[in-house]
Structure formats: structure tokens, C-alpha cells
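> just coords:
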Ligand SMILES: O=C(O)c1ccccc1NCC(=O)[C@H](O)[C@H](O)COP(=O)(O)O
């Protein structure tokens, strides 16, 4: 499963869709990649069938998430902040909970989310920003997290075409997610890098 995250414009969306990732992500949280509901709706309307849509939120109000599902056609709610298990429970079968991890984390604390989520996305902890940071997750930590849940785990955090082969040789996640590693600049994707990323991930059966 391959997810290309942080898409901000129709031109990138159409070109990326032609490369057939499994999912695309739109960031509703404050970010250089932030997009509004109307703009996302226009992009989702242009997507061919078979590519699912993730909406990325950080500590959102429930109403905003409901609105994005209803008006913009968001399939999966990616909660990338400090949302509680109870908040995840409000969107049955839709939540992918981002776990932003650092080396000395107590990983067992994430277990409580499992009954309420569809899956997890593992990303690197960063004090300055919630996501899209290009920071890598320690590979031993990623391995432990990928083996720890019954739910699918998507690996993110600093992946790019130059390191994906090495990472996937070491860790076998359900899926991979990338944002800054396939960009020309924040919010503008580099199609060659997206293509290379997808080719490498598919070689590992993702
Ligand atoms: O991408 C952002 O700007 C962002 C901002 C705030 C919260 C989450 C955000 N992105 C979430 C993603 O799913 C990214 O793809 C993930 O963090 C990996 O990013 P990168 O390390 O740049 O590949």
C-alpha cells in the first residue's frame, strides 16, 4: 500500500493519480501543505476509482472531520496530533492514528488505540512540527511497531527514493507514506521522485 501525502493542487493530483498509488493524502492541519475543504473536493472529484483519500488532521474538532468526510469525500481520517482513543472511536472504521515516536518511547501506551482504529501510521517525533518533517524513524523502533499490532501499520517519516530500498529490506510494513521526500518544495511534488518511489515500493510487493 502506497500513500502519497501533502497534495495541494489539481495538477499534481492528476499526474500522481496516473502513477496509481493506493492512496493520496490532503493536509487540513496548519502546514505549508494545508488545503481547504473546497479545494480538496475539486481534487477528489477528479480522482479515478481505486485510489483512496486520507484527510490529515491535528487535534481537530469533530465537526471539521465530519464536514471533510461529507463535503470533500474523505475516506480515511488520519489523526496526526494528540487525539485520545475516545476521539478515534467517534469515526468507526475510518481512523488511521499517527504514532509520532522517538527512541525512548514506551510503545505499549499505543495499544489502547487498537480497538478504535482501522490502522496506524508510524512517523518520527519532532518538537517543531506534527508531520511532513522529513525526519526518519529509527529502524529498530519501526520494526517493533510493525510487529506489535493486529491492525495494519503504514511506515512514514523521512522516506524517499534514495532510502526506501534500505528501509524496506529491514522493515516490512503494510504500507509506506511519503510527503517531503518526493517534493520540489513544500506543497509542490516532484513527479520523477514520486514515480521512483512507487517503482521501488512495488518491487517490495507494496
Ligand atoms: O505534511 C504535513 O505538512 C503535515 C503537517 C501536520 C501534520 C501532518 C502532516 N503530514 C502527515 C503525513 O502523513 C506525512 O506524509 C508524514 O508526516 C511523513 O512526512 P515526510 O517525513 O515529509 O515524508
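Thanks, I have the structure now. What you are looking at is a predicted structure, and each value in this text was computed from that prediction instead of being measured.

> endpoint to endpoint, stretch 177-186 covers what distance?
Its first and final residues considered, stretch 177-186 spans 16 Å by CA to CA, to the nearest Å.

> now swap in stretch 181-195 and tell me
Using CA to CA, the two ends of stretch 181-195 sit 12 Å apart.

> same check on stretch 70-81?
Using CA to CA, the end-to-end distance of stretch 70-81 comes to 22 Å.

> pLDDT on it, on average?
Averaged across stretch 70-81, the pLDDT comes to 98.

> hmm, who's touching that stretch?
23, 25-26, 29, 37-38, 40-41, 44-45, 52-60, 65, 68-69, 87-88, 91, 94-98, 100, 118, 121, 123, 130-131 (CB atoms under 8 Å, 6 or more residues apart in numbering). The way it works is simple: take the backbone N, C-alpha and C, and place the C-beta from them, glycine included.

> same thing but at 7 Å, please
Contact with stretch 70-81 is made by 25, 29, 37, 40-41, 44, 52-59, 65, 68, 88, 91, 94-98, 121, 130-131, as judged by CB atoms under 7 Å, 6 or more residues apart in numbering.

> is any part of the helix ranked longest in the chain close to the ligand?
Across the chain, the longest stretch assigned as helix under DSSP state H is helix 191-203. No. Judged by CB under 6 Å from any ligand atom, helix 191-203 makes no contact with the ligand; its nearest approach is 9.9 Å.

> get me the contact residues on this structure for the ligand.
5-6, 25, 27, 29, 31, 33, 56, 58, 80, 123, 130-134, 156-159, 177-181.

> pull the helix or strand with minimum mean pLDDT from this structure.
helix 139-148 (a mean of 93; mean pLDDT, DSSP states H and E).
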